[in-house]
Every structure is written in structure tokens, then in C-alpha cells.
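**Student:** This is a predicted model, with the sequence first.
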2 protein chains.
Amino acid sequence: MKQRKKICIIGVGLIGGSLALQLHEKKLSSRLTGVDANPEHAATALELELVDEMLPLEEAIAASEVIILAIPVDSMVSLLPVILDKIDEQIVIDMGSTKSMLTGAVKGHPKRGRYVATHPMWGTEYSGPKAAVRDAYQNKAVIICNAEESDEDALLWTRYMYNKIGMRLLEMEANAHDLHAAYVSHISHITSFALANTVLEKEKEENAIFELASAGFESTVRLAKSNSAMWVPIFMQNKENVLDVLKAHIAQLQRFCTSIESEDEKELLKIIQEANLIRKIIK
Amino acid sequence: MKQRKKICIIGVGLIGGSLALQLHEKKLSSRLTGVDANPEHAATALELELVDEMLPLEEAIAASEVIILAIPVDSMVSLLPVILDKIDEQIVIDMGSTKSMLTGAVKGHPKRGRYVATHPMWGTEYSGPKAAVRDAYQNKAVIICNAEESDEDALLWTRYMYNKIGMRLLEMEANAHDLHAAYVSHISHITSFALANTVLEKEKEENAIFELASAGFESTVRLAKSNSAMWVPIFMQNKENVLDVLKAHIAQLQRFCTSIESEDEKELLKIIQEANLIRKIIK
């Protein structure tokens, strides 16, 4: 496998910044270049030594052997075809949370083979370069989508990188990915946003929330701190799946409503015991 | 303040067992007696040395200076008046998650003053004596309800105990407590149960959930492992408040539905940014 140590990360926030720390630590990069449209983030990324230098996009692409995208998925869809237009033999990898629209946007592109669509299943509710975490990604799953559309050497290097940073590799078609991502990630963010809004709306005395909030509340609501610029395009791009699971979720909440309203304790017990089956899956 | 070191805990599960560990550690008890209707739990509590002995209810009450109830709130409502009938100058404290029905059930009881209604805001999704945790309760809030109905010495000792185990004391009327508890605790459990059911229903391939589930999913769904025998009576006793907040929550989810369906990105951004205000409250 050809050594590729000149790596550029487009978007040095939570996802790109945390990857940068891993690339350094696992000695995957000799020279790490950052690109960021936000000058404040660019300055912070340098200051925190997430990257060795910040460059404008064109220069960064020209100077790199691997180009990694870690920007909101709407920017991804506009930028990826532009990048493929500019590259030669570089490898381009994206780390976005949706895959159908993105792989669709470059389907048939003459450089499609140089691109590998991936989704590392890691994140936190924080954003920006200061949110970068040293031990990110380890022991988490990463999904490679539509692998058959990528060149063998591009796939090989991508797998090598994710293995090195301790991730479990899975492969999936982009459509299947988006379906599963709606169930195990996107809906969790919506329930958390909606729960925050419910409580903020109801509890006009914020002090009461602050004083009483238990660990249980914090755990169900913490994702509500997540960045809107990242999540709006995810929900839009995965609209059909997200709506499908959201409607199913509202129906489940309505089962609770009905059984509590009618004081049907047997049904309530049954619904909760069904939910308890999640114990088999989440340790 | 009169020293009271003969303490009995009725219900040696997660809540009672964790308190037992603290009472030992903070040297609040000289002799700790357990009562439990479940013989398996009784045996485990002894084996784990959560308590010094297990006794039948009547004997335990007669042998104790303080009686603490940590059982599901429906059993609490039946048992508390019976206990008050039997006591002399003992103090009776309950640790339940709902307060209106319980304080209502003993209002006007000749021994009402001996009873202190409390709700320590701590728990986990596990249950039974094996779930008892050594460092429970510390730095969490505990709410004393309707303090004016309790005798001064009973209140004093109760505050002393909760202070010793590191809790922040708050006082509230039972109705206000149940309202706030619906917002900052009960609804979180319902959303989590419902989310588990949504995903279990949709993801027939459990493997996919298992493989892909991220930390975000785990955090929003972990409460779905909570014990149905504990939670059904909580929802029933706090029916009006729970329904009120649950309906508000469904309305919030419907806002997401509508804005995603109509691709109203501006509205979606606004809703998420509203939710982000939870950052002010949850660090």
C-alpha cells in the first residue's frame, strides 16, 4: 500500500479536530493541513495544535495525498464534486452522518473511485475545534458505504486509517445506512431537542430545572445542546427515514398517553416491559 | 437532637440498598435492619452486607428508632398509614418519587407529625439490592415536602441524615413537587421507554442497533431499562402532571415533524436553537 502521510482535513471542528488528534497520535500523518471557512475556528485549531498549518482550500488539496471532509452535510454535497474535479490521485474521504444524497451527488463522476463514503459513529453534543477530544473514535463503529464504487487502493487506505484509530469497520449501502442512522442516531437528537423545548417551555422557573435535574434528565436531554448548523441538514437530507421513525415514535408516546389516561395499568406495564428488552442490546 | 442509630429500611433495593451503604459509611446507624417482601432480595441484601439483619415488618418497626421506606409508590400508599398506626415516637421517612397521593393518604393521621415526606433526586436504571451503589446521593438534591406537617424533631433528624450523606436540601409543597418531578424526571423515563419501543419495533435486525448504537443513542435510551414495577405506579399517581407534560412533548415532536415535512429549514433551525438554551441549565 502506498504511504500517504500528507493529509488535509476540511473542517477542523469536533469531528475533524478529534480525527486530527488521532492522526497525530497514531503517526498517520507527517504533515497535517487544515481548511476552515470560519477564521475563528481556523485560529483556534492552530493554537490547539490540532493541525500543523491552515491553508486555503485549493492549496490544501494540491499539497495533500488524502483529503478528509468533516463539515456539515449540506456543505459536503456542494463541496465534494468540486473537490473531485480538482484532484488527481488523491483519496477523498467524508465523515458525514448521511450518505444517500452525498453518494448520489457524485455518482458517475469521473473521479468517483477516489472517494470513500464513511460515517464514524462517534460525536458529542459540543462543536468547534475546542470540542475536539483526544480519545475519540476508539472502539466505535465506522460504516463504509457503497464500497464497490471506490477504487481498491482508496478503500484499502481508508480501512487502514480507521483500523489504526481503533474503529470497528462495517460496510453498508448508502440507503441502508441512512435508514439505520435515523433509528440509532437521528431520532435520539430529535427526542432530546423536543424534550429540552418541552421542559424549557413548561418550567418558566429555570431554577427549578437547575435545582432538581437528575442524572436521568441530563442523560436524555444532553444531545439538545447539539449544533443546529450540523443537524438541520442531516434531518433535511434524511427526511423520509427521519419522518418515518419520528411518526412511529409519536405513536409510541401516544400509547403511553392512552394507557395513562385510561389508567390501564396492565397495558402500561406491558409497554414498559417491551421497552425493557433494550437491556439485551445496550449493556 | 436525640441520637437515633437503630434504623430500619423497608425495601432493600436500588434506593434503600444504596442508602444503607451510606448510613453505614457515615456511621449514622449502629444497627441496620432490612425488611423486604421479596425473599431473594432479602437474602441478597444480607449477603452483600447492605443491612445487619432482615426482620419481619412488625419486629423491625418495634426494634427501630427510624423507619425508612424505599418501596414502589403504590405499596408506599398502602403501607405508610399502617406503619403510622403502629409507631410510638419513631421517625418515618419515605424516599418515593411522588408526593401528593402519599401525603394525602396520611393527612390528619394522629401520628402524621412523626412522618417526613422526602424525595432524593437520585437513581439509576437498575433495580434490586445488587444495583445498590456506594457513592449514591452525594451532591444531589433532596426535596422535603409539606415540612409544616412534620414534627420539629423528625424534620431535624431527617435533615441531619441527608446532610450527612451529602445531599442538598430543598423544601416544597407536595403538589409543586409532583409538577416539577413530571418535568425533570418522569417525562425522561417515558421518552426513553418510547424510544426503545420505537427502535425495537423498527429495527427488526437487532444486530444493526447493537453494531451501530452510538453514545448518543445509549444516553437517550438507557432509562428504558428501568423497572416497570417502580414506574407504573409513579405514572399513575402523577397522572395529571405526566399527561400534561407528555402532551406538550408530543406537540414539540410534531413541530419537528411539520418543519421537516415542509422542508422549512428556517423553522427547524429556530426550534433547535430554542432547544440549545438548555445549555444554560445543564452544564
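**Tutor:** Here it is on my side, so go on. What you see is a predicted model; the values in this text were computed from it and never measured. Residues are numbered from 1 along each chain as shown, chains lettered A, B, ... in the order given.
**Student:** CA atoms for contacts and neighbours, from now on please.
**Tutor:** OK.
**Student:** Could you point out the longest helix of chain A?
**Tutor:** Ranked by residue count under DSSP state H, the longest helix found in chain A is helix A:239-261.
**Student:** other SSEs contacting the next helix or strand after that helix?
**Tutor:** Downstream of helix A:239-261, the first helix or strand assigned by DSSP states H and E is helix A:265-276. In terms of contacts (3 or more C-alpha pairs under 8 Å, 6 or more residues apart in numbering or on different chains; DSSP states H and E), helix A:265-276 is packed against helix A:239-261, helix B:187-202, helix B:228-237.
**Student:** Pull the residues that contact helix A:265-276.
**Tutor:** A:256, A:259-260, B:193-194, B:196-197, B:200, B:224-229, B:232, B:236 (C-alpha atoms under 8 Å, 6 or more residues apart in numbering or on different chains).
**Student:** Counting neighbours, which bits of the helix or strand bottoming out on mean pLDDT in chain A end up buried?
**Tutor:** For chain A, using mean pLDDT, DSSP states H and E, the weakest element among its helices and strands is helix A:206-212, scoring a mean of 75. By neighbour count with 16 or more other C-alpha atoms under 10 Å in any protein chain shown, helix A:206-212 contains the buried residues A:Ile209, A:Glu211, A:Leu212.
**Student:** Give me the nearest residue to the second one, chain neighbours excluded.
**Tutor:** Counting by C-alpha to C-alpha, 6 or more residues apart in numbering or on different chains, B:Ala141 is the residue found nearest to A:Glu211 once chain neighbours are left out, at 6.9 Å.
**Student:** Likewise for the first one?
**Tutor:** If the residues on either side of it in the chain are set aside, A:Ile209 comes closest to B:Val184, at 6.4 Å by C-alpha to C-alpha, 6+ apart.
**Student:** Would you state the predicted confidence (pLDDT) at the one you found?
**Tutor:** pLDDT, B:Val184: 91.
**Student:** For it, give me its contacts.
**Tutor:** Applying C-alpha under 8 Å, 6+ apart to B:Val184 gives the contacts A:Val199, A:Ile209, A:Leu212, A:Ala213, A:Ser214, A:Phe217.
**Student:** Go again with 7 Å.
**Tutor:** A:Ile209, A:Leu212, A:Ala213, A:Phe217 (C-alpha atoms under 7 Å, 6 or more residues apart in numbering or on different chains).
**Student:** Residues touching stretch A:164-173, excluding its own?
**Tutor:** Identification of contacts with stretch A:164-173 by C-alpha under 7 Å, 6+ apart yields A:Gln22, A:Lys26, A:Tyr137, A:Gln138, A:Asn139, A:Lys140, A:Ala141, A:Val142, A:Ile143, A:Ile144, A:Cys145, A:Asn146.
**Student:** Those residues into a markdown table, with extra columns for neighbour count, pLDDT and secondary structure?
**Tutor:** Output for the contacts of stretch A:164-173, formatted as a markdown table (neighbours: other C-alpha atoms under 10 Å in any protein chain shown; pLDDT from 0 to 100; DSSP: H, G, I helix; E, B strand; the rest coil):
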| residue | neighbour count | pLDDT | secondary structure |
| --- | --- | --- | --- |
| A:Gln22 | 25 | 97 | helix |
| A:Lys26 | 13 | 96 | coil |
| A:Tyr137 | 22 | 96 | coil |
| A:Gln138 | 16 | 94 | coil |
| A:Asn139 | 14 | 93 | coil |
| A:Lys140 | 19 | 94 | coil |
| A:Ala141 | 21 | 95 | strand |
| A:Val142 | 24 | 97 | strand |
| A:Ile143 | 22 | 97 | strand |
| A:Ile144 | 25 | 98 | strand |
| A:Cys145 | 23 | 98 | strand |
| A:Asn146 | 19 | 98 | coil |
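**Student:** Write out the residues of the stretch 101-250 of chain A neighbouring chain B.
**Tutor:** Residues of the stretch 101-250 of chain A found near chain B (C-alpha under 7 Å from any C-alpha of the partner chain) are A:121-122, A:141, A:183-185, A:188, A:193-199, A:209-214, A:216-220, A:223-226, A:228, A:232, A:236, A:239, A:243, A:248-250.
**Student:** Buried subset of these as a PyMOL selection?
**Tutor:** Buried members of these can be picked out in PyMOL with the line below, counting by 16+ other C-alpha under 10 Å:
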select buried, chain A and resi 121+122+141+183+184+185+188+193+194+195+196+197+198+199+209+211+212+213+214+216+217+218+219+220+223+224+225+226+228+232+236+239+243+248+249+250
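**Student:** Can I get the one helix or strand A:Met101 maps to in PDB? Just the C-alpha atoms.
**Tutor:** A:Met101 is part of helix A:100-105, with elements assigned from DSSP H and E. Output in PDB follows, covering the C-alpha atoms of helix A:100-105 (Å, rounded to 0.1, in the frame of the first residue of the first chain):
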ATOM      1  CA  SER A 100     -27.600   8.700   0.200                       C
ATOM      2  CA  MET A 101     -27.600  12.300  -1.100                       C
ATOM      3  CA  LEU A 102     -23.800  12.600  -1.000                       C
ATOM      4  CA  THR A 103     -23.100   9.400  -2.800                       C
ATOM      5  CA  GLY A 104     -25.800  10.300  -5.200                       C
ATOM      6  CA  ALA A 105     -24.200  13.700  -5.900                       C
END
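**Student:** What angle do strand A:141-145 and the following helix or strand past it make with each other?
**Tutor:** Tracing the chain C-terminally past helix A:100-105 and defining elements by DSSP H and E, one meets strand A:115-120 next. Between strand A:115-120 and strand A:141-145, the angle comes out at 150 degrees (axes from the mean of the first three to the mean of the last three C-alpha atoms, to 10 degrees).
**Student:** one step back: let me have the helices and strands packed on helix A:265-276 in a markdown table, extended by distance to B:Glu274 and mean pLDDT.
**Tutor:** Listed next are those as a markdown table, based on distance: least, C-alpha to C-alpha, whole Å; pLDDT from 0 to 100:
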| stretch | distance to B:Glu274 | mean pLDDT |
| --- | --- | --- |
| helix A:239-261 | 19 | 97 |
| helix B:187-202 | 19 | 94 |
| helix B:228-237 | 28 | 97 |
